[in-house]
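>>> Pasting the sequence and the predicted coordinates here, then a few questions.
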Amino acid sequence: MLEIEISGLRLRNPTMLASGVMGECSGSLIRAYRSGAGAVVTKSIGLEPREGYPNPTAVEIECGILNSMGLPNPGIDEFGEEMREVVELEIPVIGSIFAGDAESFSILAKRMQGYGACAIELNLSCPHARGYGLEIGTDPDLVRGIVKEVKRSVSIPVFSKISANVADIVEIGKAVEEGGGDGIVAINSVKAMKIDLSTKKPILFNRFGGYSGRGIKPIGVRCVYELASEIEIPIIGAGGVEKGEDAIEYILAGAKAVQVGSAIFYRGIDVFRKICKEMEEWMERNGYSSIEDFRGLALK
């Protein structure tokens with residue numbers, strides 16, 4: 001009932017572990033898959049090891065989580081063993097990568113493909129790391145060029161994770177499509193801030209962070225709807241997916257799959273299984289036998 005096909009990938013259900021802190025080691029990636037995820041996405045990995053920002057880097061706020069980790073990661077060389085342990089179990093793992101230029105993205109993509117990733121996710125939207133992510137992902141020409149270069153370098157699907165923190169997300173989505181991208185992930189966390197009333201200063205070391213969780217779902221749904229109205233490549237919805245009804249809302253807006261991250265904090269690691277059960281129950285009540293039966297109905 002929940003099986004999907006996206007850009008040539010066949011998954012047992014439309015839920016994916018979103019790129020984040022649970023994607024840095026093989027154990028947590030494997031655990032997420034065994035807890036019901038249809039696929040898992042690694043933490044964003046760069047060419048070299050990166051420590052990230054000093055604490056405090058994350059805080060729970062109203063309706064979600066605010067974080068500014070600074071893209072800490074072990075580097076692509078060290079990450080190979082983590083990937084091998086996941087791939088050996090035939091778990092569909094998508095390699096998330098970040099870089100500051102097209103050539104570096106291509107090098108990383110080739111390494112991820114060599115490790116056995118089933119697809120690549122380009123992080124073009126991290127809102128809190130200088131020189132990476134959002135600083136690249138706001139420029140359609142840069143996005144188009146990076147996607148085109150990476151597509152020339154690998155034979156597996158290439159997805160681009162883009163941000164709502166742009167003037168026109170459809171313009172960025174079209175740049176991904178024109179570059180030959182196989183799909184879009186929308187959205188990443190939203191640039192935000194919280195001020196500590198005791199210290200009268202921003203609570204995060206980096207001042208700004210990425211806001212994730214249920215509070216950004218309406219933004220994510222709007223972005224998916226706008227993208228699905230204008231582009232042909234598949235869209236993966238992300239942002240505030242905690243329950244089956246959240247996933248269904250994204251799919252009605254045109255998404256083929258959804259990613260789940262902050263919800264693990266609120267509903268536990270088996271949130272994937274819970275979401276799938278809730279989706280199946282809704283589909284049975286409404287007479288749907290597959291995801292495609294109701295995908296994009298809100299667009300019509």
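Right, received. Where do you want to start? Numbering: from 1, shown residues only.

>>> Give me the buried positions along the helix ranked longest in the chain.
Counting residues, the longest helix in the chain under DSSP state H turns out to be helix 271-286. Using 16 or more other Cβ atoms under 10 Å as the test for burial, helix 271-286 gives Val271, Phe272, Arg273, Lys274, Ile275, Cys276, Glu278, Met279, Met283. In this view, the C-beta of every residue, glycine as well, is placed from N, C-alpha and C.

>>> likewise stretch 130-144?
Those would be Tyr132, Gly133, Leu134, Glu135, Ile136, Gly137, Thr138, Pro140, Leu142, Val143, Arg144, for stretch 130-144 by 16+ other Cβ under 10 Å.

>>> Which ones among those map onto strands?
Counting by DSSP state E, these place none of their members in strands.

>>> could you say what helices and strands the longest helix of the chain packs with?
Applying 3 or more Cβ pairs under 8 Å, 6 or more residues apart in numbering; DSSP states H and E, we find helix 271-286 packed against strand 15-17, helix 244-252, strand 257-260, helix 263-267.

>>> picking that back up, would CSV of the buried residues of stretch 130-144 with distance to Ala119 and pLDDT be doable?
Formatted as CSV, the buried residues of stretch 130-144 follow (distance: Cβ to Cβ, whole Å; pLDDT from 0 to 100):
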residue, distance to Ala119, pLDDT
Tyr132, 20, 79
Gly133, 19, 78
Leu134, 22, 82
Glu135, 24, 84
Ile136, 20, 87
Gly137, 18, 92
Thr138, 24, 92
Pro140, 22, 96
Leu142, 21, 95
Val143, 18, 97
Arg144, 19, 98
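
>>> now the residues you listed in a markdown table, with distance to Asp101?
Output for the buried residues of stretch 130-144, formatted as a markdown table (distance: Cβ to Cβ, whole Å):
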| residue | distance to Asp101 |
| --- | --- |
| Tyr132 | 10 |
| Gly133 | 13 |
| Leu134 | 15 |
| Glu135 | 12 |
| Ile136 | 8 |
| Gly137 | 13 |
| Thr138 | 15 |
| Pro140 | 16 |
| Leu142 | 9 |
| Val143 | 12 |
| Arg144 | 14 |
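
>>> so which of the helices and strands packed on helix 271-286 comes closest to Gly36?
When the helices and strands packed on helix 271-286 are compared by Cβ to Cβ, strand 15-17 sits nearest Gly36, at 7.0 Å.

>>> what sits up against that closest one?
With Cβ atoms under 8 Å, 6 or more residues apart in numbering as the test, strand 15-17 has contacts from 23, 29, 32-33, 36-41, 94, 236, 241, 247, 257-261, 272, 275-276.

>>> about what we covered before: list just the nearest of the buried residues of helix 271-286 to Ser153.
Phe272 (31.0 Å).
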